[in-house]
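S.K.: What shape does this take:
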Amino acid sequence: MLAELIAMLKLLGLPVTYNHWNPGQVPQLPYLVVTEIAPADLIADGVRYYKTKNFNIEYYFENKDPDLETKIESFFEHEDIGYLPFEDIWIAEEKFYEKIYEINLGE
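M.R.: Next up is the predicted model:
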């Protein structure tokens, strides 16, 4: 599921990696970083009824680009991926922004 998600995100035309870029391999902004977060499985009476994988899609950028954000969000919608966008966060020491999209993929 992770490999397929990363391959799909690469179709946006942005560099994509899992968790972090290795030193010396960090691409120019903008780029995406995928991290897996805690699942939100549906469990009742000791039975797992629905298994999920949750990911943060971290979008890093230098300048606000509403068209690119729309492209990212349209991608999620086209692929029927529910997403929750968070606010832009200024990372002062890096001098760029981060916006996180939390997504949930059912298995």
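S.K.: all helices in the chain, in order from the N-terminus.
M.R.: Along the chain, counting by DSSP state H, helices occupy 2-10, 66-78.
S.K.: Now tell me what touches the longest one from outside.
M.R.: Same thing as helix 66-78. Residues outside helix 66-78 that contact it (Cβ atoms under 8 Å, 6 or more residues apart in numbering) are 8-9, 11-12, 30, 57, 59, 61, 81-83, 85, 99, 101, 103. To be clear about C-beta, it is placed using only N, CA and C from the backbone, and glycine gets the same treatment.
S.K.: redo that, cut-off 10 Å
M.R.: 8-9, 11-14, 30, 32, 57, 59, 61, 65, 81-83, 85, 88, 99, 101, 103 (Cβ atoms under 10 Å, 6 or more residues apart in numbering).
S.K.: tell me the contacts of residue 8?
M.R.: Residues in contact with residue 8, defined by Cβ under 10 Å, 6+ apart, are 16, 75, 76, 79, 81.
S.K.: repeat for residue 91
M.R.: Listed by Cβ under 10 Å, 6+ apart, the contact set of residue 91 reads 60, 97, 98.
S.K.: Out of the residues you listed, grab the one that's most surrounded.
M.R.: The residue in these with the most neighbours, by other Cβ atoms under 10 Å, is residue 60 (21 neighbours).
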